[in-house]
Structure formats: C-alpha cells, structure tokens
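K.L.:
Provide a 3D model corresponding to the input given below.
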Amino acid sequence: MPLYEYLCPGCKLKFELLRKASESDEMACCPRCQNSAGRVPSTFASFSKDAGGVTTSIGGSACSGCDAGSCQSCNH
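P.N.:
Reported below is the predicted structural model:
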C-alpha cells in the first residue's frame, strides 16, 4: 500500500497514512483532533553517490532549509 500525506485544517498537523490507492483521495481522520483532513502533495529527496562515495542531491535541494554544497557538509 502507498503512503500518503494529509494536513489537518484544524490543528495543522501533517501526518501520513498507508492506504489503498483507491482510497487516496478520501478524507482522513486527524489523529490529534479527529477533524477531517485532506491529502497534500508529498515531498521527498533523492540522492546519488559518485565513485568516490560523495553523496549529492538529485533534482534540487535535499533539504529545504539547507544551503550546504553537499550532504557531507550539511548540519541536518
């Protein structure tokens, strides 16, 4: 089953649920306040290692708050 992200409009909790693809667009119950929460786009990071073992992000920044040149120098 795929993992989907949801955001509660009441308490602003962002949470994940394993659901069938056929249920992905259904509202989910917030685990904190039990309000109905809608699905939000998921974000993820993708990495690659070169022959020397240096890790770099693919397709943009690996961390939205990180301005390091590579993951080796990142403080996160």
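K.L.:
alpha carbons only for contacts and neighbour counts from here, please
P.N.:
Will do.
K.L.:
so residue 39 is in which element?
P.N.:
strand 36-40 (DSSP states H and E).
K.L.:
counting contacts, what elements does that strand pack onto?
P.N.:
Using 3 or more Cα pairs under 8 Å, 6 or more residues apart in numbering; DSSP states H and E, the elements in contact with strand 36-40 are strand 3-7, strand 28-29.
K.L.:
Residue 32 should be in a strand, yeah?
P.N.:
No: counting by DSSP: H, G, I helix; E, B strand; the rest coil, residue 32 is not found in a strand; it is coil.
K.L.:
what's across from the closest residue to residue 42 other than its chain neighbours in the sheet?
P.N.:
Leaving out its chain neighbours, the residue that sits closest to residue 42 by Cα to Cα, 6 or more residues apart in numbering is residue 5, at 6.1 Å. Taking DSSP bridges as the rule, residue 5 bridges to residue 16, residue 40.
K.L.:
check contacts around residue 5.
P.N.:
14, 15, 16, 17, 39, 40, 41, 42 (Cα atoms under 8 Å, 6 or more residues apart in numbering).
K.L.:
ok, and the most crowded of those residues?
P.N.:
residue 39 (19 neighbours; other Cα atoms under 10 Å).
K.L.:
Distance check, the residue nearest to that one when sequence neighbours are not counted against residue 53.
P.N.:
Spatial nearest neighbour of residue 39, excluding adjacent residues (Cα to Cα, 6+ apart): residue 6 at 4.2 Å. Distance, residue 6 to residue 53, using Cα to Cα, to the nearest Å: 35 Å.
K.L.:
the bottom helix or strand of the protein by mean pLDDT?
P.N.:
Lowest mean confidence among the helices and strands of the chain (mean pLDDT, DSSP states H and E): strand 55-57, at a mean of 79.
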